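> how does the following fold in three dimensions:
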Amino acid sequence: TKEREMKLAILGATGRTGLEAVKQALAENHTVTAIVRNPAKITLAHDNLKVVEADIFDEEALKSQFSGHDAIVSCLGFPPQKPTVTGYLEVTKKVVSAMKSSSVSRLVVCHSWYTEEESRGK
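Coordinates of the predicted model:
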């Protein structure tokens, strides 16, 4: 129904999880802004889908894309880095700050996590 429809900004929309989030949101009649590094990677076309290029580490770029949305969905993934993976923390700080400046109060985080095969189960 109309009262359930939302405007969602989805980060990581070119990855497997992010693309699935975009598809499910569109199937539920939500309006989606896919915020991506490379718009050419999104081959999906839909009347309720807008694809925009932005640097997820740039708070100002995020602010301009978040404005007018009901919620942000983050499906980001980062490759493993030694000794630590800091991308998640750095981006989440930027996202939350940009959300506050854009008056967006809902954040859904569905980040992936990589573990090396030999460390699994320990």
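
> touching, residue 106 and residue 66? I think so.
No: when contacts are counted by Cβ atoms under 8 Å, residue 106 is not listed as touching residue 66 (10.9 Å). For every residue, glycine as well, the C-beta is placed using N, CA and C.

> between these two, who's got more neighbours?
residue 66 (23 against 12; other Cβ atoms under 10 Å).

> tell me the residues that contact both of residue 106 and residue 66, please.
Shared contacts of residue 106 and residue 66 (Cβ atoms under 8 Å, 6 or more residues apart in numbering): residue 72.

> mind listing what residue 104 touches?
Counting by Cβ under 8 Å, 6+ apart, residue 104 makes contact with 9, 66-67, 69-72.

> apply 7 Å and report the result again.
Neighbour list for residue 104: 66, 69, 71-72 [criterion: Cβ atoms under 7 Å, 6 or more residues apart in numbering].

> residue 33 now?
When contacts are counted by Cβ under 7 Å, 6+ apart, residue 33 touches 9, 50, 52, 65, 69.

> helix, strand, or coil at the residue nearest to residue 39 when sequence neighbours are not counted?
Excluding the flanking residues, the one nearest residue 39 by Cβ to Cβ, 6 or more residues apart in numbering is residue 51, at 4.8 Å. Per DSSP: H, G, I helix; E, B strand; the rest coil, the secondary structure class of residue 51 is strand.

> related to what we said a few turns ago, save the contacts of residue 33 as a markdown table, and put in pLDDT too.
Listed next are the contacts of residue 33 as a markdown table, based on pLDDT from 0 to 100:
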| residue | pLDDT |
| --- | --- |
| 9 | 98 |
| 50 | 98 |
| 52 | 97 |
| 65 | 96 |
| 69 | 98 |
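
> which of these sits closest to residue 78?
residue 9 (19.0 Å; Cβ to Cβ).

> helix or strand right after the helix-or-strand element of the chain with minimal mean pLDDT?
When each helix and strand of the chain is scored by mean pLDDT, DSSP states H and E, helix 87-102 comes last, with a mean of 93. Using DSSP states H and E, the helix or strand that follows helix 87-102 towards the C-terminus is strand 107-109.

> quick one: average pLDDT of that next one?
For strand 107-109, mean pLDDT is 95.
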